[in-house]
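1. okay, predicted coordinates and the sequence, questions at the end:
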Amino acid sequence: MDTHETKIFTAILIAAGILAILLLFFFITIIRHQRKNIELHKQKLLAEITTLEKERKRVASDLHDDLGPLLSAVKLQISSIDPADETDRQLIEKSGRYIDELLGRVREIATDLMPQVLARKNFIFAIKEFTDRINTGNALKISYEIDNDEPPVEKNKEVHIYRIVQEIIHNSLKHSGAQKIELKIYSTDKILNIRIRDDGKGFKQEEPSNLRGHGLRNILSRVELLEGEMFLQTAPGSGVDYTIEIPL
């Protein structure tokens, strides 16, 4: 190879090296930009959900600590009245029953917003309490199979797991027309597995409107915050089957 050819070959190698460096820098920049966007997206999701949970906790506290005692005081005052007329006495008794019903509804709403058992114990107890309450007051029945061993879940993540299960079951109650829901929670290989399946009418999975209508975006947001994965199987007339895997 003569001197001229050597120079050309050297120039080509230098140009190829510079191009490779530029391409590498370009790809690294794109990857960094994507990672930054993902991190910003997660931070935004976390801020929104944290604000929502704080507001739920505040409203639940107001209902439990302020409205509940106020209604109890009203009932006590009404009960202390001793009317001479039988009609008035029946009216007071009926009012007392209405207040009891209202107190029960206030407790249910406060528990849905922020279950006390979630703070006192863990998400397993909260989910069992939630499903037992659904079984008591609805035609739809939930059968659950939950590991007795408490999964090693960080406390700040428990509320997200509880909300995921709560949202899915509420979706079945509102939209599916199901009569039965099967819930399984177990851990394998440092993964928390959640399986929820109903026998309802299902829906066309490919329709984007279903993501909004069935609250799936909220569920996916929480799964994403937990760095987990969600798999959904459904079709018209075939019910809905959720599988969620969350790393421990």
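-> Thanks, I have it. Numbering: from 1, shown residues only.

2. residues contacting Gly202?
-> By CB atoms under 8 Å, 6 or more residues apart in numbering, the residues touching Gly202 are 176, 234-240. C-beta coordinates here come from the backbone N, C-alpha and C atoms, glycine included.

3. before we move on, what about Leu225?
-> 42, 45-46, 49, 160.

4. where does this protein dip in pLDDT?
-> 1-2, 4, 148-151, 205-215 (pLDDT under 70).

5. off-centre distance for stretch 21-31?
-> 38 Å (CA atoms, centre = their mean, to the nearest Å).

6. equivalent analysis for stretch 56-71, please.
-> Its chain's average C-alpha position is 23 Å from that of stretch 56-71, according to CA atoms, centre = their mean.

7. quick one: contacts of that stretch?
-> By CB under 8 Å, 6+ apart, stretch 56-71 touches 99, 102-103, 106-107, 109-111, 113-114.

8. for Pro83, phi and psi?
-> For Pro83, the backbone dihedrals are phi -80, psi 150 (criterion: degrees, to the nearest 10).

9. what helix or strand is the residue nearest to it when sequence neighbours are not counted on?
-> Of all residues beyond its chain neighbours, the one nearest Pro83 is Arg89 (5.0 Å), with distances taken as CB to CB, 6 or more residues apart in numbering. Using DSSP states H and E, Arg89 sits within helix 86-113.

10. before we move on, what about Ile21?
-> Element membership of Ile21, judged by DSSP H and E, is helix 3-62.

11. also Lys184?
-> strand 180-188.

12. same check on Asn193?
-> strand 191-198.

13. quick one on the thing from earlier: for the contacts of Gly202, which one is nearest Ile124?
-> Nearest to Ile124 among those, counting by CB to CB, is Val240 at 22.9 Å.

14. quick check: the gap between that closest one and Ile169.
-> Distance of Val240 to Ile169, given as CB to CB, to the nearest Å: 11 Å.

15. more neighbours: those two, which one.
-> Val240 (26 against 21; other CB atoms under 10 Å).

16. quick check: bridge partners of that one?
-> Here Val240 sits in beta bridges with Thr234, as judged by DSSP bridges.

17. got it, and Ile185?
-> Ile146, Ile194.

18. count of residues packed around it?
-> For Ile185, using other CB under 10 Å, the count is 21.

19. ok, it - contacts?
-> 124, 127, 144-147, 151, 165, 192-195.

20. neighbour-wise, which of those residues leads?
-> Neighbour counts for the contacts of Ile185, by other CB under 10 Å, peak at Ile127, which reaches 26 neighbours.

21. next one: phi and psi at that residue?
-> Dihedral angles for Ile127 - degrees, to the nearest 10 - are phi -70, psi -40.

22. the contacts of Ile185 into a markdown table, with extra columns for distance to Arg217?
-> Formatted as a markdown table, the contacts of Ile185 follow (distance: CB to CB, whole Å):
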| residue | distance to Arg217 |
| --- | --- |
| Ile124 | 26 |
| Ile127 | 22 |
| Tyr144 | 25 |
| Glu145 | 28 |
| Ile146 | 26 |
| Asp147 | 29 |
| Pro151 | 26 |
| Val165 | 17 |
| Leu192 | 21 |
| Asn193 | 22 |
| Ile194 | 18 |
| Arg195 | 21 |
